[in-house]
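Q: Sequence and computational prediction follow.
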Amino acid sequence: MAYKKWITAGADKEKASELSEKFNIDPFIALMLVSRGIESDADVADFLASSYEFSDPFLLADMDKAVSRIERAVDYGEKITVYGDYDCDGVTATVLLYTFLSNIGAAVDYYIPSRLDEGYGMHKAAVDKLYHNGTKLIITVDNGISAIEEAEYIYSLGMQLVITDHHQIGSRLPRAEAVVNPHRAENNIDFHDLAGVGTVFKLVCALYGDSEDMLYQFADLAAIGTIADVVPLIKENRAIVKAGTEMIQAGARTGIRALKKVAGMQDKMLSSTDIAFSLCPRINAAGRMDHALRAAELLLCEKEEDAAFKAEQININNAHRQETEHNIFEDVQLKISENPDIAKNRIIVVSGKNYHMGVVGIAAAKILEEYGKPAIILSESDGETANGSARSIEGFNIYEAISSCADLLIHFGGHPKAAGMCIRTSDIDEFRKRINEYALEKYPVMPVPAIHIDFKLSPKFLNVELADSLAELEPYGESNPAAVFALMNITIQSVVPIGNGKHIRLECEKKGVRFKIVKFGCSADDFPFSAGDAVDAAVKVSKNLYNDREYLSLQAADIKRHGNNDEKYFAEKEEYELFMLGRNNSSSVFPGRQECSVIYKFLRTKTTWHYGFDELYFALNAVTYGQLKFALEAFEESGLIAYNNDITVCSVNAKVDLMNAPVMKTLKGRLNLE
């Protein structure tokens, strides 16, 4: 995984103390609220409130028109079709609106396009199907705001359209009886960051005339879609997710109960994080690997046996998704190992034959996590075009970067951190070149991956009471992440494999206080530290119940060697990468005989090093990033090491002159060194 910079939030301790006293809340919680920008009395009261008063849905532009047209369709028995989307937000929005309209006696059905066969949004072929099936009114959910041509086509066939969407609005609105979108300038609302399902929730509140009753009926569906769409969990979204988490825990909806069971969550006190990592991916998997209709059918299911069967099928989809995602990730890694220059670019662009379009976005996210750089994964399916997904690091607008190459693209769309595109395969190399030129020009210094720390914590405060206090911050999500604390300069006492060796538990100590930290997804063999090492740990806090007793649980978000100089590391890495791109001629990247000797002697003491380049850099703490990169290359060229992820020292009988290694000659020539 890419090495991450730790950024500790600043907070006004006096303000936190004032809030703690005024609202009678734990000082830790007050400090965290202040560090997250929640400082005013009104904002604190709003955040901590056990209930929430939703804004009038009619403050959304066109809501009155939408309600009037839908009510007329219901009264006159006109057939309504809810036109949804295949992701979790779209599926839950479809089910919510379909269920509500069914309950009030509407003649209603729903349509969800296939991700693989149709793609996102409205399509004329789908509109034709609805027309021939007798639909008079189409209501979009989580899509439609960009359907300019499709809207005109709907009206040419004598049908009408109501749009509910939450995506960004283009230069003009589609033709429709009403366009309900929280981002419209004409809205008279304070909070605009609703998900697609949140926008639909406002519609049903307007149709019904009461928000509280609708929350009681649909909070579970609205919460799942809101969490999955990664919108800020503040204001109305926070209220939706809070109520929805309680409803999901209570098990009111048959389909969700069945989904919890196949996810192994039926006996657990669910949090928003559990929903995000257990329920949402399974609903998404139906649309990625099969058809999102399967997920909608499950959520609408009322019979236990049917729900159990449908949930199991979706669980199989999810397992298939994980396997497919892993295979694509491995293939991309292979392509990068065969052509390391790909990873030296500011933006990693990789294409492959017939990558599954349902998971290329997830694969791009994993490459981003692995290399700490924006990643674009393209699937070449027909020999002429490639479709792909992009994921980006915080601070780098991938949509703008892709837009700079618009003339090379058949179509594209997205957001600052995620985007999709279609390109001719013959243009991929030029696209890779051009988008990286853009990155060099617009981002002289690239943003780096980071972990945001709420504050440094003394181990003496680690107890169940802390976990109980943190519950006031739930639900966690976008704009309200789970608390992360830094435990600095702690000593590892032992490293214990758990979970059949897939994870580890660290026994740690500081100033006489002993505690345990679990690190998931890391085996003891892959963990670079051992007993006696001093480390810093970024941890999340929760509690577990065992034998009717509550225990504090610490999960590692990151662990690094104590004393690491992050600023030096990232500055030297940037200098090396610019050197490789021909943007500087810094001699600081050249490893002389002394630096090579230090590196090689260290490696000989280890025989094999399999903890990665970054950890080797910090373990040495004696050479620059560039010096280590070029020294390892020279060692490999000279036969001193074998370097393929792991570094193995080779047995060499003859004396080796490293300065004659090809890379050294090239460096000396470029830097004019003797």
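A: Noted; the coordinates are in hand. Numbers count the residues shown, from 1 in each chain.
Q: Okay, now the unreliable bits of the stretch 501-650 of the chain?
A: Scanning the stretch 501-650 of the chain for pLDDT under 70 picks out no residues.
Q: Which stretches in it count as strands?
A: Remark: strands assigned in the stretch 501-650 of the chain by DSSP state E, counting those that start in this stretch are 503-510, 513-519, 534-546, 549-561, 608-609, 641-644, 646-649.
Q: Of all the ones you listed, which one is nearest Gly372?
A: strand 549-561 (12.6 Å; C-beta to C-beta). Backbone N, C-alpha and C define where each C-beta goes, glycine included.
Q: need the helices for the stretch 151-300 of the chain, in chain order.
A: Using DSSP state H, counting those that start in this stretch, the helices assigned to the stretch 151-300 of the chain run over residues 196-208, 211-228, 235-250, 254-262, 272-274, 280-289, 293-300.
Q: Need the strands of the stretch 501-650 of the chain in JSON lines (columns: distance to Ile428 and mean neighbour count).
A: Shown next, in JSON lines, are the strands of the stretch 501-650 of the chain (distance: least, C-beta to C-beta, whole Å; neighbours: other C-beta atoms under 10 Å):
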{"stretch": "strand 503-510", "distance to Ile428": "39", "mean neighbour count": "18"}
{"stretch": "strand 513-519", "distance to Ile428": "38", "mean neighbour count": "17"}
{"stretch": "strand 534-546", "distance to Ile428": "38", "mean neighbour count": "17"}
{"stretch": "strand 549-561", "distance to Ile428": "34", "mean neighbour count": "17"}
{"stretch": "strand 608-609", "distance to Ile428": "35", "mean neighbour count": "16"}
{"stretch": "strand 641-644", "distance to Ile428": "26", "mean neighbour count": "15"}
{"stretch": "strand 646-649", "distance to Ile428": "31", "mean neighbour count": "16"}
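Q: Tabulate these (JSON lines), appending distance to Ala343.
A: Shown next, in JSON lines, are the strands of the stretch 501-650 of the chain (distance: least, C-beta to C-beta, whole Å):
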{"stretch": "strand 503-510", "distance to Ala343": "28"}
{"stretch": "strand 513-519", "distance to Ala343": "25"}
{"stretch": "strand 534-546", "distance to Ala343": "25"}
{"stretch": "strand 549-561", "distance to Ala343": "21"}
{"stretch": "strand 608-609", "distance to Ala343": "19"}
{"stretch": "strand 641-644", "distance to Ala343": "14"}
{"stretch": "strand 646-649", "distance to Ala343": "17"}
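Q: Out of the helices of the stretch 151-300 of the chain, which is closest to Leu470?
A: Closest among the helices of the stretch 151-300 of the chain, once you apply C-beta to C-beta, is helix 272-274, at 12.0 Å.
Q: ok, residues contacting that closest one?
A: Helix 272-274 is touched from outside by 223, 227, 233, 241, 245, 265, 268, 474-477, 482, with contacts defined as C-beta atoms under 8 Å, 6 or more residues apart in numbering.
Q: need the longest helix for the chain.
A: In the chain, taking DSSP state H as the definition, the longest helix is helix 304-338.
Q: how far off helix 280-289 does that one point, in degrees?
A: 70 degrees (axes from the mean of the first three to the mean of the last three C-alpha atoms, to 10 degrees).
Q: what packs against helix 304-338?
A: Under the contact definition 3 or more C-beta pairs under 8 Å, 6 or more residues apart in numbering; DSSP states H and E, helix 304-338 sits against helix 254-262, helix 280-289, helix 293-300, helix 341-344, strand 348-353, helix 360-371.
Q: 6 Å instead, please
A: helix 254-262, helix 280-289, helix 293-300, strand 348-353, helix 360-371 (3 or more C-beta pairs under 6 Å, 6 or more residues apart in numbering; DSSP states H and E).
Q: Direction included, what does the worst-scoring helix or strand of the chain on mean pLDDT pair up with?
A: Between all helices and strands in the chain, the lowest mean by mean pLDDT, DSSP states H and E belongs to strand 409-414, at a mean of 86. Strand 409-414 has its sheet partners listed here by DSSP bridges as strand 418-424 (antiparallel).
Q: Provide the partner residues of Ile559 in its beta bridges.
A: Assessed by DSSP bridges, Ile559 has beta-bridge partners Ala537.
Q: my bad, should have said Leu552
A: Assigned bridge partners for Leu552, using DSSP bridges, are Lys543.
Q: Thought Val464 was touching it, still the case?
A: Yes. In terms of C-beta atoms under 6 Å, Leu552 counts as a neighbour of Val464; the distance is 5.3 Å.
Q: shared neighbours of these two, anything?
A: By the contact definition C-beta atoms under 6 Å, 6 or more residues apart in numbering, Leu552 and Val464 are jointly contacted by Lys543.
Q: Fine by me, we can end here.
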